[in-house]
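**Student:** no FASTA, just this:
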């Protein structure tokens, strides 16, 4: 790909969740030439660490699969640098994540639409795009799609600890719901996962691989975008580097940044789009002074409340290193513990009766383990992940220099507000309440983390500060809107004041959604494809949704 010799109608920077959707939809027109630039490696079919659901701890922290970001020291988190995994592979983080598929609450999108200029992002406007992308294993209905590219499977939850957990949630006063992605999110149920027949179904597998042989679609891995090329206020191309091949550039009718909440603002800032003071500090000529680029960073934190299990029924033995070859062999035959991501059930609850929507998320695992696969205690155990979903904290993503290879400075300001701290107290107490119900009595060997000595408000918050991990949901840093801090136009996702450049990924969310963000990102990309192509948007779907009586 020689310098200046190739021209494309669309250049998509980032072959992650959103980029794969756009590549699929935009290249459907054979007259459109589409290029995808992915900085990571290919998602080869033989790579068991990507495709086996139970192998999900292995890519996390590996330099081959993970960009391995770290935050700046977080003042309210014991000055810890919080580790942030981001996918360094085709499919992006959908190739290394926990495979949990959650749309969020319908009120998330109603809240978006209440902002000036955001009227076309109501739940009724988003629902048709959720349905278009899904092939729901439980079948299509008024809320779910049945023939989309993204195959979903409901967790079987056959281990007896799952039914114990669901029964305990009811004993604690929570209701069950038939589908957290359907009419009613609030409640407890088996969870949807983006996997099928024991295989991870990433965005690349769902959207990109079925169309990768289209003659008008090029996908280049190992291509690190360094700068958007502008002529005046119009983006005309992209410069990038490839290992052992040096710099290259291509021209583009439109440039679409799909790098995610860290890399999209970083690329814009490196290209002269962002806060003028920050750009000047690093000697970058300002193309457009947009103060909101890199601001409004949001995320979810979570902790694991862990218990020992008195009966030998947990999945903990599957973590033993000596069993891994046998688990791999079983998986190749289509059976065994390698077929699941273990996140098969959980739920959503309100932290207080006056909450308008459920603002706490729970995931139950029939084993005790850290996200990186390490075991905190020997023997059998189980755990409940919990975290508040609607934190007030806002942070930033800012370049440290003009060097594209230097990671940006990430500041989240976790636990910075009193409401966030109060929500955390409610979250931990709610998790403990569920795990202390009579349903667990035959199995409960005692709380191993945080442990019985952590009881007071101060002790709980100190434990959260020491032990909480990111749920890996960074978002909001190129927010949609029309106000002074907005970065992209809600009606087109074009960067305000510029031509030829759009942003389509989690960074455009004005506020984070209530749950894992993979599904909302895919919906945004589906909706963006119609906006980019000038298609008539899918008709609004007025399907009703549950509103809590408050």
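**Tutor:** Now that the structure is in, tell me what you want to look at. Please read all numbers here as calculations on a predicted model, not as lab measurements.
**Student:** show me where the stretch 451-550 of the chain has its helices.
**Tutor:** In the stretch 451-550 of the chain, the segments counted as helices under DSSP state H, counting those that start in this stretch are 457-467, 518-533.
**Student:** and those, which is most packed in?
**Tutor:** Taking mean count of other C-beta atoms under 10 Å as the contact definition, the stretch among the helices of the stretch 451-550 of the chain with the greatest mean neighbour count is helix 518-533, which reaches a mean of 24. Quick note: C-beta positions are derived from backbone N, CA and C, even for glycine.
**Student:** who are the packing partners of that helix?
**Tutor:** Of the remaining helices and strands, those touching helix 518-533 by 3 or more C-beta pairs under 8 Å, 6 or more residues apart in numbering; DSSP states H and E are helix 17-26, helix 123-133.
**Student:** other SSEs contacting the last one?
**Tutor:** Where contact means 3+ C-beta pairs under 8 Å, 6+ apart, helix 123-133 is packed against helix 106-113, helix 518-533.
**Student:** closest one to residue 213 among those?
**Tutor:** Nearest to residue 213, of all these, is helix 518-533, at 19.7 Å by C-beta to C-beta.
**Student:** tell me the angle the closest one makes with helix 123-133.
**Tutor:** Using axes from the mean of the first three to the mean of the last three C-alpha atoms, to 10 degrees, the inter-axis angle of helix 518-533 relative to helix 123-133 is 100 degrees.
**Student:** off-centre distance for helix 518-533?
**Tutor:** Its chain's average C-alpha position is 14 Å from that of helix 518-533, according to C-alpha atoms, centre = their mean, to the nearest Å.
**Student:** let me see the mean pLDDT of it.
**Tutor:** Over the span of helix 518-533, the pLDDT mean works out to 98.
**Student:** what pLDDT does the model give residue 374?
**Tutor:** Confidence at residue 374, expressed as pLDDT, is 57.
**Student:** re earlier: looking at the helices and strands packed on helix 518-533, which is buried most?
**Tutor:** Relative to the other members of the helices and strands packed on helix 518-533, helix 17-26 carries the highest mean neighbour count by mean count of other C-beta under 10 Å, namely a mean of 29.
**Student:** which helices and strands does that one pack with?
**Tutor:** Contacting helix 17-26 under the criterion 3+ C-beta pairs under 8 Å, 6+ apart are the following elements: strand 7-13, strand 34-38, helix 203, helix 518-533.
**Student:** just checking, next helix/strand downstream of the shortest one?
**Tutor:** Past helix 203, heading to the C-terminal end, the next element that is a helix or strand (DSSP states H and E) is strand 217-221.
**Student:** now that following strand: average pLDDT?
**Tutor:** For strand 217-221, the mean pLDDT works out to 98.
**Student:** quick one, that strand and helix 17-26 angle?
**Tutor:** 160 degrees.
**Student:** contacts for the helix or strand just after strand 217-221?
**Tutor:** Scanning forward in sequence from strand 217-221 by DSSP H and E, the next helix or strand is strand 223-231. Applying C-beta atoms under 8 Å, 6 or more residues apart in numbering, the contact partners of strand 223-231 are 13, 37-39, 235-242, 247-249, 251, 255, 257, 259, 267-268, 270-273, 287, 404-405, 498, 501.
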